[in-house]
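Undergrad: need coordinates for the following:
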Amino acid sequence: MTGWYPVFIKEMLQFKRKLLRLGYIFSAMMAPIIYLITFGLGLGRTVKLSEGTDYLTFLLPGLVAMSSMNNSYSWVASSLNLSRLYFKTFQVYIQSPIKPFSIMIGEVLAGMVKGVFASLLIIAVGFVVPSKFSINLIFVLTLLLNCFMFACLGVITGMITKSHEDTATYSNFFIMPMAFFSGTFFSVERIPMIFKPVIYIMPLTHTNILIRKTFIDMDGAVSLCVIIFYCVIFFVIGSNLMKKYSE
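TA: All right, here's what the predicted structure looks like:
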């Protein structure tokens, strides 16, 4: 079980080098800040929500969910893809006396740290702008589960892609649609009924539902179960891909 630690430390050392560059921090905040200004401070003033919540307060948890998804997923997917196909460092992991299960844990934990860090930047902004944004235990739990879930999905993508360009292709087909149609910028209740079955299959939809809850009701309990289900499925698939790796 301790085999995950060297993998995690290696990823964290790379992350630390990036943190020392101010440009990296600004780039991590750029897209969410643009969305916040455009939708929250601009268009949001004309948006009225049926729940009685101002739009900026509604938007901020969605931006946290989206940012944690993007960063947890992209960090792991890109790192694994590059280490497998270009730097050939992943093969060192496989040949070392570290079990695939431990490699999986190390990569996922590293992705979670990246996702939580990016989310903290948005949370900090959320407490500065004029809104009723707040966090609670459900918010924190949902954030951690979301980071875990998409870090596991990043492992799957990083293991099955055949080139670095394939990583962007998977992001365009799966991550980007979730960012815009899973309740980040508007309530999924406003989506036409014909599209709702597809929307509710997307894991980020349930993150956006749960992260805005102040207590666990029936909808929140269902979303929590769905998120845990995806976490288990993605983790098992990613672990099996590492176990069967023979490249």
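Undergrad: what's the mean pLDDT across stretch 38-49?
TA: Averaging pLDDT along stretch 38-49 yields 65.
Undergrad: again with stretch 122-131
TA: 83.
Undergrad: give me the contacts around stretch 104-115.
TA: For stretch 104-115, contacts defined as Cβ atoms under 8 Å, 6 or more residues apart in numbering pick out 3-8, 10-12, 15, 67-69, 71-73, 75-76, 79-80, 144, 146-148, 150-152, 154-155, 235, 238-239, 242. Where C-beta positions appear, they are placed from N, C-alpha and C, glycine not excepted.
Undergrad: how about the nearest residue to the most centrally placed residue in the chain, chain neighbours excluded?
TA: Geometric centre of the chain, nearest residue: M69, 1.5 Å, by Cα atoms, centre = their mean. Counting by Cβ to Cβ, 6 or more residues apart in numbering, F150 is the residue found nearest to M69 once chain neighbours are left out, at 4.7 Å.
Undergrad: remind me, longest helix of this structure?
TA: helix 55-85 (DSSP state H).
Undergrad: run the chain-centre distance for that one.
TA: Here helix 55-85 is found 4 Å from its chain centre; the criterion is Cα atoms, centre = their mean, to the nearest Å.
Undergrad: C-terminal to it, what's the next element?
TA: With elements assigned by DSSP states H and E, the helix or strand that comes after helix 55-85 is helix 90-95.
Undergrad: contacts for that next one, please.
TA: 7, 80, 83-84, 100, 103, 242, 245, 247.
Undergrad: quick check on these: which are buried?
TA: The neighbour count (16 or more other Cβ atoms under 10 Å) marks 7, 80, 83-84, 100, 103, 242 as buried among those.
Undergrad: what segments of this protein are helices?
TA: 4-19, 22-35, 55-85, 90-95, 100-128, 137-160, 164-170, 176-181, 196-199, 203-211, 218-243.
Undergrad: on that earlier part again, got a markdown table for the buried ones among the contacts of helix 90-95, with distance to I209 and pLDDT too?
TA: As requested, these are exported to a markdown table (distance: Cβ to Cβ, whole Å; pLDDT from 0 to 100):
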| residue | distance to I209 | pLDDT |
| --- | --- | --- |
| V7 | 33 | 88 |
| L80 | 29 | 90 |
| S83 | 35 | 86 |
| R84 | 35 | 87 |
| P100 | 33 | 85 |
| I103 | 32 | 90 |
| M242 | 31 | 90 |
